[in-house]
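> Starting from these lines, generate the structure:
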Amino acid sequence: MHAIIVSAQGGPEVLEYVERPDPVPGEGQVVVDVAAAGVNFIDIYHRSGAYPLPLPVTIGSEGAGTVSAVGPGVRDVAVGDTVAWASVLGSYTEKAVVPADRLVPVPEGVPAEVAAAAMLQGLTAHYLTHSTHEVRQGDQVLVHAGAGGMGQLLIQLAKLKGAKVYATVSSAEKEKLARAAGADEVLGYEDFAEALRGRIDVVYDGVGAATFDGGLQALRPRGLMALYGAASGPVPPLDPQVLNQRGSLFLTRPSLVHYIAERAELLQRASDLFGWIAEGKLAINVSHRYPLAEAGRAHEDLAGRRTTGKLLLIP
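Numbers count the residues shown, from 1 in each chain. Reported below is the predicted structural model:
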């Protein structure tokens, strides 16, 4: 089989397309023939060393495909099942080894590529809008990078919950995508803080350094900032007294792994997502597909903000 291996941390050039022996599943493990693997900013952090990993390593944290082998002790997954996963390292490959208890069944009517595209970002959007801050009818919600894969999902889920959604974008083309996802108002990064000052119940920020201060200004007293990523760089250290001065604000830095740690929670969130997709209530915008061998180009395009929607690698 072929896989992407990182032997030294660095730029996209360190992503090596190599041959490896076909894997054999161990106790509680499953081998999946990968139909598609999602490309996410966390993959860039793993590749670059921002989130260090033991080397060499196959990166990639989500995917979907067909089970081709099961290891000892596996009872609820069978050869031929279509399955998907998130927050499991090693998806940039033709054959992935995944713990059986981290797999979710993909229902009929949801293509494997769509399932792969929905997992990491979709589960993240689910916990952000249903758990980190449970969006309610009439909430005022701000979504940064509204044209990106995460942004479009957050907009749609917040609208399903009855919120008024504001989104930030960097171009007229991206404004169209944010509005198509359901955003009520779309603003530029240079003026959103002043336009929304003191009005927002929750800010969903995956941009980080460039938008953080403005997001705090936009929040109403006792509003919540959910900082779930740092595409523009990490946020500098913050004096907690700032949160007091700006209205007893709440700040959290959540991660998906803590919201799907229990299998029952993982299955419930995935079931919701796939149900909404099958019913046409949630659209997954797969905007770019790359051959597995061109993982470096996918990373360059994602980091360079040359893409919108979801990026997939196709083995």
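> Now do the same contact list for Ile260.
86-87, 123, 127, 266, 269 (Cβ atoms under 8 Å, 6 or more residues apart in numbering). The way it works is simple: take the backbone N, C-alpha and C, and place the C-beta from them, glycine included.
> would you list those residues in CSV and tack on distance to Arg253 and neighbour count?
Below are the contacts of Ile260 laid out as CSV (distance: Cβ to Cβ, whole Å; neighbours: other Cβ atoms under 10 Å):
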residue, distance to Arg253, neighbour count
Ala86, 19, 27
Ser87, 16, 20
Leu123, 17, 24
Tyr127, 13, 20
Leu266, 21, 21
Arg269, 19, 24
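> Among these, pick out the one closest to Arg306, please.
Closest approach between the contacts of Ile260 and Arg306, by Cβ to Cβ: Ala86, at 24.3 Å.
> that older thread, which ones among the contacts of Ile260 are found in helices?
If you go by DSSP state H, those have 123, 127, 266, 269 in helices.
> Now for the residues you listed: which two are most distant?
So, the ones in helices among the contacts of Ile260 by Cβ to Cβ: farthest apart are Tyr127 and Leu266, at 10.5 Å.
> could you show me where the strands are in the stretch 1-150 of the chain, in order?
2-6, 15-19, 29-39, 62-70, 82-86, 95-99, 104-105, 140-143 (DSSP state E, counting those that start in this stretch).
> Tell me the strands beside the second one, with direction?
Read it as strand 15-19. Paired strands of strand 15-19, with direction, are strand 2-6 (antiparallel) (DSSP bridges).
> Name the nearest of the contacts of Ile260 relative to Gln140.
The nearest member of the contacts of Ile260 to Gln140, counting by Cβ to Cβ, is Tyr127 at 20.1 Å.
> State the distance from that closest one to Gly11.
Counting by Cβ to Cβ, to the nearest Å, the gap from Tyr127 to Gly11 is 31 Å.
> could you dump the ones in helices among the contacts of Ile260 to TSV with pLDDT and distance to Ala147?
Below are the ones in helices among the contacts of Ile260 laid out as TSV (pLDDT from 0 to 100; distance: Cβ to Cβ, whole Å):
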residue	pLDDT	distance to Ala147
Leu123	98	20
Tyr127	98	22
Leu266	98	28
Arg269	98	24
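> from those, which is closest to Gln217?
Nearest to Gln217 among the ones in helices among the contacts of Ile260: Tyr127, at 25.4 Å, using Cβ to Cβ.
> I figured that closest one was touching Leu256, is that so?
Yes. Judged on Cβ atoms under 8 Å, Tyr127 makes contact with Leu256 at a distance of 6.7 Å.
> most packed of the strands of the stretch 1-150 of the chain?
strand 140-143 (a mean of 27; mean count of other Cβ atoms under 10 Å).
> ok, residues contacting it?
Taking Cβ under 8 Å, 6+ apart as the rule, strand 140-143 contacts 135, 151, 154-155, 158, 163-168, 178, 183, 192, 196, 199-204, 215, 218, 220.
> which ones are touching the most centrally placed residue in the chain?
For the chain, Gln121 is the residue whose C-alpha lies nearest the centre (Cα atoms, centre = their mean; 2.6 Å). When the contact criterion is Cβ under 8 Å, 6+ apart, the partners of Gln121 are 38, 40, 149-150, 153, 310.
> now do Gly11
So Gly11 contacts 47-48 (Cβ under 8 Å, 6+ apart).
> Use 40 as the first number from now on
With the count now opening at 40, the last piece we talked about shows up as Gly50.
> how about it, phi and psi?
The phi/psi pair for Gly50 (degrees, to the nearest 10) reads phi -80, psi -170.
> where's it relative to Tyr84, distance?
Distance from Gly50 to Tyr84, counting by Cβ to Cβ: 13 Å.
> any common contacting residues for those two?
Here Gly50 and Tyr84 share no contacting residue, scored by Cβ under 8 Å, 6+ apart.
> tell me the helices in the stretch 90-239 of the chain, going along the chain?
151-166, 188-199, 211-220, 231-235 (DSSP state H, counting those that start in this stretch).
> and the ones you listed as JSON lines, adding distance to Gly286?
What follows is the helices of the stretch 90-239 of the chain, written out as JSON lines (distance: least, Cβ to Cβ, whole Å):
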{"stretch": "helix 151-166", "distance to Gly286": "25"}
{"stretch": "helix 188-199", "distance to Gly286": "21"}
{"stretch": "helix 211-220", "distance to Gly286": "27"}
{"stretch": "helix 231-235", "distance to Gly286": "14"}
